[in-house]
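Q: fold the following and give me the result.
(one chain, ligands or ions: 1)
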Amino acid sequence: MERQDRIFDDYIPADEPIALYRELSEVEPSQNAILGFANRYGRLQGDSAQRIDVGEVPGAIPPVGYVYGEPLEDWVRVIEHMHEAVALWDMVRDGDHDALAEAIEWREGRVVYLGTARYRRWRDAGPLAILAAMGDPPEEQRIWKEAAESVMRFESDPLNQPYIRTGEFIRPAILRVLAVINSFLYDRNGPVLFWDQRANKVKRQDIPSNLEGFVWLQFAQALQHRTEPRRCQVCNRWFDVSSGSSRTDRLTCSNTCRTQAYRKRQGDAVRLKAEGKTASQIAKELGSDVKTVKGWLTPRKQKEN
Ligand SMILES: [Zn+2]
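A: Predicted coordinates for the structure are as follows:
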């Protein structure tokens with residue numbers, strides 16, 4: 001049932017460079033964790049959420065017949081694929097052949113995509129449960145083997161490109177990441193034409209149709225622009241730093257967090273001074289310079305209005 005006391009805040013994800021695709025990939029696939037993410041960032045499907053019939057709710061005025069919602073399994077599917085793709089991409093970035101060799105195999109000159117351990121567990125859980133319920137072990141084994149092989153073929157085919165050299169792992173892994181992203185990106189981000197009044201011409205732009213489209217588009221852009229993921233020192237969320245930009249040394253995700261980090265350092269400086277430390281000792285401890293620390297320790301003049 002919808003809460004009567006809810007408050008809506010406008011939220012534009014792209015206003016902060018939070019790597020929302022990474023945040024989503026780390027959401028535990030449980031009801032509570034997913035609800036936490038949704039309450040912070042919104043529905044994946046946005047306005048196209050499904051109408052879910054809940055019947056009449058006793059005591060509610062007017063009696064509620066339905067709510068708008070999104071099935072848990074849809075969220076879990078997105079999270080599991082995002083986790084898989086981000087994990088593979090990080091193995092590629094780290095050049096981690098050992099980890100990649102657990103997800104990718106070479107058999108008779110062909111790449112076979114086995115999947116990351118967690119993705120495999122999720123992908124196989126449903127079919128295995130259905131087969132277990134059938135209760136006929138030999139038949140079960142045969143059906144499972146066939147189904148598993150056809151999934152493996154389906155997922156491996158796009159990785160077997162003529163330019164892939166036998167025994168390599170990096171490019172097949174990249175191709176799998178692209179296949180996962182593309183399978184979600186395609187119908188959730190329409191290229192849209194619009195009239196740019198300032199430039200006085202027609203522009204073509206990728207527009208996500210909902211939050212889900214946005215996270216996949218953001219991931220796609222991170223790959224395209226080869227951004228470096230970093231965790232914010234203050235709020236611990238992921239943000240992307242584009243390589244080659246002038247702000248590659250940034251440690252916080254946003255101006256809000258930067259200000260907070262700055263205030264914390266100022267507070268630490270004052271506390272350390274009260275403990276009897278000198279400005280140069282404080283500067284050393286906080287990784288700052290003496291002049292800055294002295295500035296922090298000088299009481300500020302009241303602002304004149
Ligand atoms: Zn932050």
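Q: backbone dihedrals for M152, please?
A: M152 adopts backbone torsions of phi -60, psi -40, taken as degrees, to the nearest 10.
Q: buried stuff in the lengthiest helix in the chain?
A: Criterion DSSP state H: the longest helix present in the chain is helix 72-94. Buried residues in helix 72-94, counted by 16 or more other C-beta atoms under 10 Å: 75-76, 78-89, 91-92. Yep, even glycine has a C-beta here, placed from its N, CA and C like the rest.
Q: V180: which of the residues you listed is nearest?
A: A85 (4.3 Å; C-beta to C-beta).
Q: what's the neighbour count on N39?
A: Using other C-beta atoms under 10 Å, N39 has 9 other residues around it.
Q: what does W144 give?
A: 17.
Q: do the same with A147
A: By other C-beta under 10 Å, the burial measure for A147, its neighbour count, is 15.
Q: excluding covalently adjacent residues, which one is nearest to whichever residue of the stretch 51-200 of the chain sits closest to the ion?
A: Residue of the stretch 51-200 of the chain nearest the ion, by C-beta to the ion: V86 (18.9 Å). The shortest distance from V86 to any non-neighbouring residue, by C-beta to C-beta, 6 or more residues apart in numbering, is to S25 (4.2 Å).
Q: any idea how far F219 is from that neighbour?
A: Separation of S25 from F219 (C-beta to C-beta, to the nearest Å): 9 Å.
Q: how far away is D196 from V86?
A: 34 Å.
Q: let me fix that, I meant to ask about Y119.
A: Counting by C-beta to C-beta - Y119 and V86 are separated by 11 Å.
Q: which stretches of the stretch 101-250 of the chain form strands?
A: 104-107, 110-113, 189-196, 201-208, 227-231, 238-242 (DSSP state E, counting those that start in this stretch).
Q: what about T292, how many neighbours?
A: T292, neighbours per other C-beta under 10 Å, totals 16.
Q: residue contacts, it?
A: A283 (C-beta atoms under 8 Å, 6 or more residues apart in numbering).
Q: surely it is within a helix?
A: Yes: counting by DSSP: H, G, I helix; E, B strand; the rest coil, T292 falls inside a helix.
Q: and it, what pLDDT?
A: For T292, the model assigns a pLDDT of 86.
Q: could you check how far it is from R118?
A: T292 is 45 Å from R118, where distance means C-beta to C-beta.
Q: the more surrounded of S25 and F219?
A: Shown here are S25 and F219; by other C-beta under 10 Å, F219 has more neighbours (26 against 23).
Q: pretty sure the more buried one is touching V180, no?
A: No: with contact defined as C-beta atoms under 8 Å, F219 does not count as touching V180 (9.2 Å).
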